[in-house]
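Asker: Let me see the structure of the following:
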Amino acid sequence: MTLAHIGRGLRVRIDRGRCVCSETCTQLAPHTFETDDQGLVTLLPGPFDPHTAIREAAASCPAAAITLEADGPGAAS
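Answerer: As a prediction, the model looks like this:
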């Protein structure tokens with residue numbers, strides 16, 4: 001599982017074990033997500049897409065392999 005801070009109070013969690021290789025995330029947020037040689041989602045190093053695109057990509061994942069979390073003071077761990 002990958003957990004990364006992507007700026008401005010947002011962290012993205014990727015569960016590659018859930019990924020079904022739909023590549024929806026790469027189409028909606030191509031500067032944030034890519035697929036590896038196995039077709040599984042990975043996080044790019046940035047600069048990232050706007051948060052609206054990242055949120056849409058996470059919400060559109062058919063396997064819920066991408067989840068978003070608040071990051072920063074007062075955020076739940």
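
Asker: now the strands for this protein?
Answerer: 2-7, 10-14, 33-35, 41-43, 66-70 (DSSP state E).

Asker: what about the ones you listed, which gets the closest to residue 58?
Answerer: Residue 58 lies closest to strand 66-70 among the strands of the chain, at 4.2 Å (Cβ to Cβ). Placement of C-beta: from N, CA and C, glycine included.

Asker: Touching the closest one from outside, list them.
Answerer: Residues outside strand 66-70 that contact it (Cβ atoms under 8 Å, 6 or more residues apart in numbering): 3, 9-15, 25, 33, 41, 54-55, 57-58, 75-76.

Asker: What is the neighbour count of residue 21?
Answerer: By other Cβ atoms under 10 Å, the residues close to residue 21 number 13.

Asker: backbone phi and psi for it, please?
Answerer: Phi and psi for residue 21, reported as degrees, to the nearest 10, are phi 60, psi 30.

Asker: Repeat that for residue 48.
Answerer: With angles defined as degrees, to the nearest 10, residue 48 sits at phi -90, psi 160.

Asker: unless I'm mixing things up, it is touching residue 33, no?
Answerer: No: taking contacts as Cβ atoms under 8 Å, residue 48 lies outside contact range of residue 33: 9.3 Å.

Asker: So which of those two has more stuff around it?
Answerer: More neighbours surround residue 33 than the other of residue 48 and residue 33, with 26 against 20 (other Cβ under 10 Å).
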